[in-house]
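S.K.: Here's a sequence, model it:
(one chain, ligands or ions: 1)
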Amino acid sequence: MKSTAEHSIPFDYSTAALSNDTLLTLYQRMLKPRMIEEKMLILLRQGKISKWFSGIGQEAISVGVASVLDKEEYILPMHRNLGVFTTREIPLNRLFSQWQGKANGFTKGRDRSFHFGTQEYKIVGMISHLGPQFGVADGISLANLLKKNNQICAVFTGEGGTSEGDIHEALNVASVWSLPVLFCIENNGYGLSTPTSEQYNCEHLADRGKGYGMESHIIEGNNVVEVYSQLKAITDDMRVNPRPVLVEFKTFRMRGHEEASGTKYVPQDLMDQWAAKDPVENFAAYLRQEGILTEAMEVEYKSAIVHEINDNLELAFAENPIESSESEELDDVYQNFVYQEVEKSETTQELRFVDAISEGLKQSMERHDNLVIMGQDVAEYGGVFKITEGFIEQFGKARVRNTPICESAIVSASMGLSISGYKSVMEMQFADFVTSGFNPIVNYLAKSHYRWGQAADVVVRMPCGAGVGAGPFHSQTNEAWFTHTPGLKVVYPAFPADAKGLLATAIEDPNPVLFFEHKALYRSIRQEVPVNYYTLPLGKAARLNSGTDISIITYGAGVHWALDEIKKRPEVSVDLIDLRTLQPLDVAAIYDSVKRTGKVLLLQEDSMFGGIASDIAALIAEHCFEHLDGPIMRVASLETPIPFAAALEKNYLPQQRLTAAIDKLLAY
Ligand SMILES: Cc1ncc(C[n+]2csc(CCOP(=O)(O)OP(=O)(O)O)c2C)c(N)n1
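M.R.: Reported below is the predicted structural model:
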């Protein structure tokens, strides 16, 4: 410990031989976020900005991490990492506009504070759910490995976030795949009001590295020289010897979780102890004591920063508040995708549903060098339904990746791959297991383009559906969970040729697509399928039978149940619409059919309430009321979980209620 007459310095800054230039740069980099925050606290009190999450006292970590990364290496900060944004030299007026919800920010006013990313500065901001960031970092690092570019990436979490399953999953994946990610835990004593003693029960979070088979370090987070010099050595080596490294920074949160909530629950002596370890003041004292920082230099630095802050604040305040335009809002939910038709070849071969999907996927792998497949048992084993059988022989294990059982981390990793310019297809072993990856699908992938213009170029394959006696957890058809979420596309083919062409388009489309594959159709439905790579447009239904008595509008297995009915009763003239995709939905085809028949039956395999049939019924009621000659009828599964025993499952499914429903509607 060194001391000066005016200040006792609790850190030994002389352990690393850094040049004066480096020391002064680190100081200036810490000073800027500190001074911006001090200004923000004033503005907050004046009601000129909304919420604020303070990183005061933690600047050495943000600055140290950002300083050891190259500018083209991605960095994934959290809510207390202003120093990352300033070290990457984001123009302050844009940051200020972002915090005021103005157009010159990074999210067109759609998301707040640090919840944004920017490809320009290679920063990927958080979503509020914290944990998915680690999985996204995995995906970015996987892309780096595939590109062989010797780059690393760094990602942050607080110690509170480390309790989330996403974090464990992502650390495990990174270790199993040797991904060069610098995982940074800022252990600042409290997660909102919860102290570390109630958050975890090991001595150091870094100790968890051992459990993941991962190198880990503990670093004094308030000592910028230690942060910088240790990380410099670690990251230089990671670029040459790619591997994940877990670093726990010991630090403290000096202000409330967010400003309004205060720090009453923090004992004063703890606050005092950490106040004495302030990273900026202690470092300044050291630099002064060593004669590296003169008073004149300090005045110059501070006045330059004050000017920069004030000038940029003026710009941001002068900017008009954002105005909402319905068309722009709706247009930004999805990345614009111009469908390119690739025509079907005349040559065909008979394929089962399962083989058509496999062939389509293989042809997409051949077409897109940047396409990666991830899923449980998809490599040597070929997936539980054998759709990727033989793929590793053709495409190698780098692009056909067995994953640990960790749906959430893999969905997040697919987001990271997309950020880095890759496409991915993730196979859910069964659609039921999507629940374990639900959060990143509906919150990260779905909202990313709307929030900051970043597409999630991901297809999630969903083997779904009942009729195979697989019980409540291997039989669900859960498309309605996703059709409800803006930002996702949902495809649900019923025939081999459609499945193949729609899968190709889903992969071409840069937006996140949930691709439903009915398991009961895999080996029971065959069709002549064009042999070439071809595409089919999303949002176009198919009329499978033209009729005038009654419309049946359905998709997936329902299409085959309806066809059985048509075969059984040739005297009834049925207009049968196979929707093929549910989002986008071909409303024109639906309305056209209703206008032809005046009687409409909506058939879905999912249980009734809240299913897509209900929404289609509402659309028809609103738009085709005067064309209706009877009530809009819905036929769906029972409002129960899906039972296992054959007799129960049969009674659960809607097929046996279909005939009666058609009769009722015809008689109306
Ligand atoms: C999944 C989820 N649960 C709860 C929250 C509410 N929340 C936001 S930040 C936070 C505390 C985070 O603590 P930590 O990770 O230690 O970061 P710190 O705020 O201390 O920097 C909580 C509980 C959330 N955002 N997401």
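S.K.: now stretch 335-354: mean pLDDT?
M.R.: Here stretch 335-354 scores 98 as its mean pLDDT.
S.K.: then it to CSV, C-alphas only?
M.R.: Extracted in CSV, the C-alpha atoms of stretch 335-354 (Å, rounded to 0.1, in the frame of the first residue of the first chain):
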residue,chain,number,x,y,z
GLN,A,335,-36.2,-7.5,-41.8
ASN,A,336,-37.3,-6.9,-45.3
PHE,A,337,-37.0,-10.1,-47.2
VAL,A,338,-37.4,-10.2,-51.0
TYR,A,339,-38.5,-13.7,-51.9
GLN,A,340,-36.6,-15.2,-54.8
GLU,A,341,-38.4,-18.0,-56.5
VAL,A,342,-36.3,-20.9,-57.4
GLU,A,343,-38.5,-23.1,-59.6
LYS,A,344,-39.1,-26.8,-59.1
SER,A,345,-37.4,-29.2,-61.4
GLU,A,346,-39.6,-31.4,-63.5
THR,A,347,-37.7,-34.5,-62.3
THR,A,348,-39.2,-35.8,-59.1
GLN,A,349,-38.8,-38.7,-56.8
GLU,A,350,-41.2,-40.2,-54.3
LEU,A,351,-40.1,-39.1,-50.8
ARG,A,352,-41.6,-39.4,-47.3
PHE,A,353,-42.2,-36.2,-45.4
VAL,A,354,-39.1,-36.9,-43.3
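S.K.: Counting neighbours, which bits of that stretch end up buried?
M.R.: 335, 344, 351-354 (16 or more other C-beta atoms under 10 Å). Where you see a C-beta, it was placed from the backbone N, CA and C, and this is true even at glycine.
S.K.: Then stretch 527-535?
M.R.: Those would be 527, 529-531, 533-535, for stretch 527-535 by 16+ other C-beta under 10 Å.
S.K.: And stretch 260-276, by the same measure?
M.R.: 263, 266, 274.
S.K.: now the buried residues of stretch 335-354 as JSON lines including distance to Q583 and secondary structure?
M.R.: What follows is those, written out as JSON lines (distance: C-beta to C-beta, whole Å; DSSP: H, G, I helix; E, B strand; the rest coil):
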{"residue": "Q335", "distance to Q583": "15", "secondary structure": "coil"}
{"residue": "K344", "distance to Q583": "24", "secondary structure": "coil"}
{"residue": "L351", "distance to Q583": "26", "secondary structure": "strand"}
{"residue": "R352", "distance to Q583": "27", "secondary structure": "strand"}
{"residue": "F353", "distance to Q583": "21", "secondary structure": "helix"}
{"residue": "V354", "distance to Q583": "24", "secondary structure": "helix"}
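S.K.: What lies in contact with stretch 249-267?
M.R.: Identification of contacts with stretch 249-267 by C-beta atoms under 8 Å, 6 or more residues apart in numbering yields 41, 44, 51-54, 56-58, 60-61, 80, 184-190, 192-193, 218-222, 227, 270-271, 274-275, 277-278.
S.K.: Actually, stretch 531-540.
M.R.: So stretch 531-540 is contacted by 339-345, 347-349, 360, 363-364, 366-367, 489, 491, 498, 500-502, 504-506, 508-509, 513, 580-581, 584-586, 589 (C-beta under 8 Å, 6+ apart).
S.K.: Which members of those residues additionally contact the ligand?
M.R.: The residues of the contacts of stretch 531-540 that also fall near the ligand, by C-beta under 6 Å from any ligand atom, amount to none at all.
S.K.: can you tell me which of those are in helices?
M.R.: 360, 363-364, 366-367, 498, 500-502, 504-506, 508, 589 (DSSP state H).
S.K.: Can you name the residue of the stretch 51-200 of the chain nearest the ligand?
M.R.: Closest approach between the stretch 51-200 of the chain and the ligand, counting by C-beta to the nearest ligand atom: G158, at 2.2 Å.
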